[in-house]
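1. okay, predicted coordinates and the sequence, questions at the end:
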Amino acid sequence: MIAIPENAMVSEFDPTAPASAAASALNLDVIAVEQVADVLAPDAEAAPAPQDAAAARRGPARSARPARAQPTHLVSGRYRGQSGAWEIELRIDVDGVRPLKYVSGDFFQTRGATVSYFGSFVASGVTVTVSRTTVTIAGAAILTYASAFSRMRITIPRRTGRRAPGEADILWLDVAGAVGARYRCAWESRAFRTVELEEDYESGVTPFVSYDTGGLSSGGPARTLGVVSAFGEAGIEMRPTGPSTMIPTAPGGTWSNAELHAAMQMHFSRWANLPQWKVWLLHARLHDRGIGLLGIMFDQHGAQRQGCAVFHHASAGTAAAHRRDQLYTCIHELGHCFNLFHSFHKSFMTPPEANRPAALSWMNYPQNFPGGADAFWSAFPFQFDDQETIHLRHAVRNAVIMGGSPFGSGAALEHLAAFAEPEQDASGLALELRADRSFRLGEPVVVELKLSTRRPEGITVHRHLHPSDGFVSIAIERPGGTTVLHEPLIEHCVRPDTVVLDAAHPAIYESAYIGCGEEGLAFGAPGLYRLRAVYLALDGSRVVSGTLELRVRGTHDDADEAVADLLLDDQIGKLFTLLGSEGPEMAAANARIEQLLDKHKAHPLALYGRLVLGYVRARPFTLVRADAAVEVREAKPAEAVALLDSVADASTAPGKGLDSISLNQIFRRMIAALKTAGDNGGAARIGKRMLDVYRARGLKPHVLAEIRRQRDEALGGTSIA
């Protein structure tokens, strides 16, 4: 079955909503039509209905209609249309080879200089109505985004002769019949999806080309199949990219998974760490696990499922059995790249399906079939089963596309469509999300954002990279597979402050504490987290970062447990977000911080307690009570500097304590506190120390120049910001 995320995306945008008043004025009256089970096959007359023996003796019924003078073409295939900023790829599957009575599609949105995937829809069991001039398809769709307009009506003119199918006119409606958006989609291809296939081979290995399925006993019609034609029968166009390239023999004569992945990155000319309809197949000799391994989809790092390999050591040769094994292994491993699990392992998918050990499918193991390998091969029709074919043709885009959802998963980070890789990106910008180390359980998670230019001649951007400013969003996939959007506790309404990024000043940076948001604590358990950010540029372009994998380590002793118990609290998260607070609602959180510093002052995470206390005490704290009385707690600069200085001491070594940007903020906070206390000499000493620390880190000149500017600005100020 098609897997749709339970947390379907809710958006202010809706490509199926009414686009204009003109759309709602359309006349939806349907002319009288004739209901038929299937549309005629191309270049053939209508097949007579089955008759019993008596009916055959009586001859044809008087009401029988004459045969058509010309054949009518199929309407199944891929269409594409556009309305304003929205583009739709429409897949219609109601006639032709193995019609499944499905309609599916993907929406893409143009914003500025970027085109991004938005969401998908799938409609099963659609109604097909055929008149002499049109084919009308109707059904209710399941959407990956929230919309009231989930019903569709598609009208396609019937054409005779050898012309391409007519334009598909798709109209979206709500349950009451109100009209939404309308798209006119031109026919594009008989294939439902098109994938670029690049095949390479190891020196000394003869790549597989084709196999005659009639060469040995089998089910289904005899025909010559290769990789392209086998997937073509499933409705998938595998488009070879050109001649294969020979790769030198693997070191030691065998391949490890790591070596395969490195070879893919080096030799797969179309490889990229992002979702794309491109796949690499390597014909190799032998894996280091031995001759028992016929093939492998090895690519389960980063953007997964882009590469696979078949091993010819056990199936080399031109005998029919060897050719059959080679064909089977190639299609099987490429099937994994499309995110297909083994027939007998479907229950391990997310969400799970029923296992199908008796499936006559490319994805089954012949030896696991009831009756064994001989029984499988004698009945195997050389095809995917129906559910797998539905997946290939109609599953949600990221569950199929190479580099999309992790293998076997229908709940990947990329299902938050706002964070999907743009289909095209001419923004000239690159966004990077970084963390220079793993984190202890309970440690505040701070990430660094870097926005850089790809145009040395210069591009104007706004410098607001912190999520609280509203121009950057961050999604977090937790170890259990659920994905949440980081919703800042505080959002700033800012006027864009612009800067020109060019060869002399190619990047800007920001750090952000994202450990707590409106969703509560985001990193409350050990494990691997996956993060992705998106930056909204001045022209509306969406600049998407790569995926950052961030590990939260578990506890190792009683002290770690006790500290984690103190810090894993929503109020503590709010305290870190605020960088300290003395409001009455934070009394319990401050008591936890005092307990941390009292009982665990030597623990590495105690520095964060000193940070929030030092930061808040560096300035006056004003509390307006319910009776409008104002209470002011005066700044405590000496106490603040002592606390923050110890934080700086613990953070001067790279990879220790605070990240570089947060440490910069601490230095400037100390400078401001000392100037407020009238200690200009002390402020100057901190300023010198600040520059010395960053000079020792060997930063790029433009970064060091920006730090010097910030230091000078802090020394020239007269109050704490």
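-> Everything's here; your move. Numbers count the residues shown, from 1 in each chain.
2. ok, residues contacting stretch 555-568?
-> Around stretch 555-568, the neighbours that count as contacts under Cβ atoms under 8 Å, 6 or more residues apart in numbering are 440-443, 521, 524, 572, 592, 595-596, 599-600, 603, 605-606, 608. The way it works is simple: take the backbone N, C-alpha and C, and place the C-beta from them, glycine included.
3. out of these, which are buried?
-> By neighbour count, with 16 or more other Cβ atoms under 10 Å, the contacts of stretch 555-568 hold 440-443, 521, 524, 572, 592, 596, 600, 603, 605-606, 608 as buried.
4. gap between residue 556 and residue 587?
-> Per Cβ to Cβ, to the nearest Å, residue 556 is found 31 Å from residue 587.
5. go on, residue 497?
-> Counting by Cβ to Cβ, the gap from residue 497 to residue 587 is 36 Å.
6. low-scoring stretches of the stretch 251-400 of the chain, by residue?
-> The model of the stretch 251-400 of the chain has pLDDT under 70 over residues 251-252, 300-302, 348, 350.
7. all strands for it, in order.
-> For the stretch 251-400 of the chain, the strands defined by DSSP state E, counting those that start in this stretch occupy 278-284, 295-296, 307-311.
8. and these as CSV, adding mean neighbour count?
-> What follows is the strands of the stretch 251-400 of the chain, written out as CSV (neighbours: other Cβ atoms under 10 Å):
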stretch, mean neighbour count
strand 278-284, 25
strand 295-296, 24
strand 307-311, 27
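9. how about TSV for those strands, with distance to residue 643 added?
-> TSV is the format used below for the strands of the stretch 251-400 of the chain (distance: least, Cβ to Cβ, whole Å):
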stretch	distance to residue 643
strand 278-284	54
strand 295-296	55
strand 307-311	52
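10. helix or strand with the lowest mean pLDDT in this protein?
-> strand 34-35 (a mean of 28; mean pLDDT, DSSP states H and E).
11. one step back: just the ones in helices from the contacts of stretch 555-568, please.
-> If you go by DSSP state H, the contacts of stretch 555-568 have 572, 592, 595-596, 599, 606, 608 in helices.
12. who touches residue 684 in this structure?
-> Contacts for residue 684 (Cβ under 8 Å, 6+ apart) come out as residue 715.
13. could you shift the numbering so residue one becomes 788, and keep it that way?
-> Sure thing, new numbering starts at 788, so read that last one as residue 1471.
14. wait, a helix at it?
-> Yes. Remark: residue 1471 belongs to a helix, assigned using DSSP: H, G, I helix; E, B strand; the rest coil.
15. next one: it from residue 1461, what distance?
-> To residue 1461, residue 1471 is 9 Å away according to Cβ to Cβ.
16. same thing with residue 1175?
-> Distance of residue 1175 to residue 1461, given as Cβ to Cβ: 69 Å.
17. one more: residue 1090?
-> Counting by Cβ to Cβ - residue 1090 and residue 1461 are separated by 49 Å.
18. show me which of the two is the more surrounded one.
-> Legend: neighbour count by other Cβ atoms under 10 Å for residue 1090 and residue 1461, higher for residue 1461 (24 against 21).
19. who touches the more buried one in this structure?
-> Residue 1461 makes contact with 1424, 1428, 1467, 1469-1470, 1473 under the criterion Cβ under 8 Å, 6+ apart.
20. and the helix or strand hosting it, how far from the chain's centre?
-> Per DSSP states H and E, residue 1461 falls inside helix 1447-1463. Here helix 1447-1463 is found 38 Å from its chain centre; the criterion is Cα atoms, centre = their mean, to the nearest Å.
21. now that helix: buried residues?
-> Those would be 1447, 1449-1463, for helix 1447-1463 by 16+ other Cβ under 10 Å.
22. related to what we said a few turns ago, between the contacts of stretch 1342-1355, which is nearest residue 1136?
-> Nearest to residue 1136 out of the contacts of stretch 1342-1355 is residue 1311 (Cβ to Cβ; 26.7 Å).
23. can you tell me the closest non-neighbouring residue to that closest one?
-> Once flanking residues are discounted, residue 1311 sits nearest to residue 1355: 5.6 Å by Cβ to Cβ, 6 or more residues apart in numbering.
24. which phi and psi does that neighbour have?
-> Main-chain dihedrals, residue 1355, degrees, to the nearest 10: phi -80, psi 80.
25. how many residues are close by residue 1159?
-> By other Cβ under 10 Å, the residues close to residue 1159 number 11.
26. hmm, I typed the wrong one, I wanted residue 1445.
-> Count around residue 1445 with other Cβ under 10 Å applied: 21.
27. distance of residue 1427 relative to residue 1378?
-> For residue 1427, the distance to residue 1378 equals 20 Å [Cβ to Cβ].
28. looking at these two, which is more packed in?
-> Legend: neighbour count by other Cβ under 10 Å for residue 1427 and residue 1378, higher for residue 1427 (27 against 12).
29. the more buried one should be in a helix, yeah?
-> Yes. According to three-state DSSP, residue 1427 belongs to a helix.
30. show me the contacts for it.
-> Residue 1427 is in contact with 1401-1402, 1404-1405, 1456-1457, 1460, counting by Cβ under 8 Å, 6+ apart.
31. if we use 10 Å, what do you get?
-> With contact set as Cβ atoms under 10 Å, 6 or more residues apart in numbering, residue 1427 has these partners: 1367, 1397, 1400-1406, 1456-1457, 1459-1461, 1463-1464, 1507.
32. now it: how far from residue 1407?
-> 11 Å.
33. so where's the stretch 788-937 of the chain uncertain?
-> 788-799, 806-859.
34. which residue ranges of it form strands?
-> 821-822, 864-870, 873-880, 889-898, 901-911, 914-917, 921-927, 929-930.
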